[in-house]
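Peer 1: Dropping a prediction and its sequence here:
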Amino acid sequence: MYFAILGKNKELSLKELEYVSPVNLHQSPNQQIVLFDDAEEEKLSDLAGLVKWWKVIEEPLSDFFANNEKKMIWVADKQLWISLKKEHKLKRFKQVDLFHTDIEIKKKWIELIKIWKSRWEVLGYQNIKLYEVIDFEKPGRSMQMGMMPAKLTHTLINIGLSIDKEQTLIYDPFLWSWTTGFIANYFWYDFLGSDLKLTFANKNHPWWIGSKYATPGKELKFFIQDATKPIQEIALFEERTPLIITEWWLWPIIKASTTPEQVKEYQRWVRNVYLPWIEQMASAFPKKPVMVFTIPWYLWYENLLEHQIIETAEKVGFKFSSLQEMYKRDQHKVARKVIILQ
Ligand SMILES: C[S@@+](CC[C@H](N)C(=O)[O-])C[C@H]1O[C@@H](n2cnc3c(N)ncnc32)[C@H](O)[C@@H]1O
């Protein structure tokens, strides 16, 4: 049995969790904690949306401690702390908060908790460092344009992979600064990217290749392409149908002075790229690809994009779904809505 704390975007994290095929999933009333009987355990650490996760300790605690003799034990509640001291004569332990993650603990110690009669061991923590490196250390980036957060990209990839299970190739047709490509490469997928302009792509590609995070030997290519037109470099795909993970601009920034008419105009621009692009993707590959992407969602304005996407997607034979929950940073007036076509 396992339990886990979901990230801030609970619906998104829950959807992503399907990637590890959880069995008998239950959610706490406040929805932040999930409990499940079984899962593909080795894939849990590939998830972006779990903050921390635990597994029940099946063996007697004395055996558990005997096997982990040299490690310091961290416990989340005082009662357990007292009983460890008394019953198991354990000296090397400290108390820690349930929601707390500390780099030092992550690297060296074992963290335990007691809930009801069971003892649980922490199995893993979110890989925040990877997201920070990609978001803040790549040389070509511009926050103004609404850069795709690496953690969100990673969540979208896993959502896509939970539908398109045997997939090994990921394609981002709005590549820009490589966010999707870097995550795909880090997790051992082949990747192809394209964009109208390769300004940031040309800067960031060598940086990634030279970083310690790159996975050598995996395909990592990019080309110039207008997403609304047939793919010129289709030979690069070698007749494979990729999983498509992407986003368009979030830009322009919505200000207090932005009028509803201007917001409509922005949505027309997005629509003029997205609708022809969806049509292209429907027939570009041997099969219909699974596509997971975000669209801008203008808070406090009328949103016209989603239903136009539904219409086009269904016309060309995709099954449409979207998540209710918006992905949004504090203060932002434009959120992202996750769309899934399959
Ligand atoms: C917001 S960026 C994508 C962000 C990217 N996921 C990232 O985090 O780096 C949108 C990209 O779409 C590209 N773009 C705009 N219109 C396009 C079109 N018709 N065909 C291909 N790319 C286009 C822009 O050049 C820009 O690089």
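Peer 2: Cool, got the structure. Residues are numbered from 1 along each chain as shown.
Peer 1: that's a strand at residue 121, yeah?
Peer 2: Yes - under DSSP: H, G, I helix; E, B strand; the rest coil, residue 121 sits within a strand.
Peer 1: burial count for it?
Peer 2: As a burial measure, residue 121 scores 15 neighbours (other C-beta atoms under 10 Å). All C-beta atoms are positioned from the backbone trio N, CA, C, and that covers glycine.
Peer 1: Any idea what it is bridged to?
Peer 2: Here residue 121 sits in beta bridges with residue 55, residue 112, going by DSSP bridges.
Peer 1: What pLDDT does the model give it?
Peer 2: As predicted, residue 121 sits at a pLDDT of 86.
Peer 1: Hmm, residue 57 and it touching each other?
Peer 2: Yes - the pair residue 121 / residue 57 is scored as a contact, 5.3 Å apart, by C-beta atoms under 8 Å.
Peer 1: overlap in contacts of the two?
Peer 2: Residues touching both residue 121 and residue 57 (C-beta atoms under 8 Å, 6 or more residues apart in numbering) are 64, 112.
Peer 1: Would you tell me whether the helix or strand harbouring residue 134 gets close to the ligand?
Peer 2: Assigned by DSSP states H and E, residue 134 belongs to helix 128-137. No - Helix 128-137 is not in contact with the ligand by C-beta under 6 Å from any ligand atom; minimum separation 9.0 Å.
Peer 1: Pull that helix out as CSV, backbone CA atoms only.
Peer 2: Extracted as CSV, the C-alpha positions of helix 128-137 are listed here (Å, rounded to 0.1, in the frame of the first residue of the first chain):
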residue,chain,number,x,y,z
ILE,A,128,12.6,20.1,-8.1
LYS,A,129,16.2,20.6,-9.0
LEU,A,130,15.7,19.3,-12.6
TYR,A,131,12.8,21.8,-13.1
GLU,A,132,14.8,24.7,-11.7
VAL,A,133,17.8,24.0,-14.0
ILE,A,134,15.6,23.9,-17.1
ASP,A,135,13.5,26.9,-16.1
PHE,A,136,16.2,29.2,-14.9
GLU,A,137,19.6,28.1,-16.2
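Peer 1: List the contacts of it.
Peer 2: 48, 141, 147, 149-151, 154, 179, 182-183, 186, 211, 213.
Peer 1: and of those residues, the nearest to the ligand?
Peer 2: Lowest distance from the ligand to the contacts of helix 128-137 (C-beta to the nearest ligand atom) belongs to residue 179, with 3.5 Å.
Peer 1: re earlier: can you give me the mean pLDDT across the helix holding residue 134?
Peer 2: 91.
Peer 1: Give the buried residues for that helix.
Peer 2: 130, 131, 133, 134, 135 (16 or more other C-beta atoms under 10 Å).
Peer 1: Need the max-distance pair from these.
Peer 2: 130 and 135 (9.6 Å; C-beta to C-beta).
Peer 1: tell me the helices in the chain, going along the chain?
Peer 2: Along the chain, counting by DSSP state H, helices occupy 10-17, 61-67, 78-87, 103-108, 128-137, 150-163, 179-186, 199-209, 260-284, 305-315.
Peer 1: pLDDT averaged over the fourth one - what is it?
Peer 2: This points to helix 103-108. Rounded mean pLDDT across helix 103-108 is 69.
Peer 1: can you check stretch 92-99 too?
Peer 2: Here the average pLDDT along stretch 92-99 is 72.
Peer 1: Check stretch 34-54 too.
Peer 2: Stretch 34-54 carries an average pLDDT of 94.
Peer 1: List the buried residues in it.
Peer 2: 34-36, 39, 44, 46-54.
Peer 1: Check stretch 80-97 too.
Peer 2: Residues of stretch 80-97 classed as buried by neighbour count (16+ other C-beta under 10 Å): 80, 81, 83, 84, 90, 93, 96.
Peer 1: Turn these into JSON lines, columns for distance to the ligand.
Peer 2: Putting the buried residues of stretch 80-97 into JSON lines (distance: C-beta to the nearest ligand atom, whole Å) gives the following:
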{"residue": "80", "distance to the ligand": "43"}
{"residue": "81", "distance to the ligand": "44"}
{"residue": "83", "distance to the ligand": "49"}
{"residue": "84", "distance to the ligand": "46"}
{"residue": "90", "distance to the ligand": "47"}
{"residue": "93", "distance to the ligand": "43"}
{"residue": "96", "distance to the ligand": "35"}
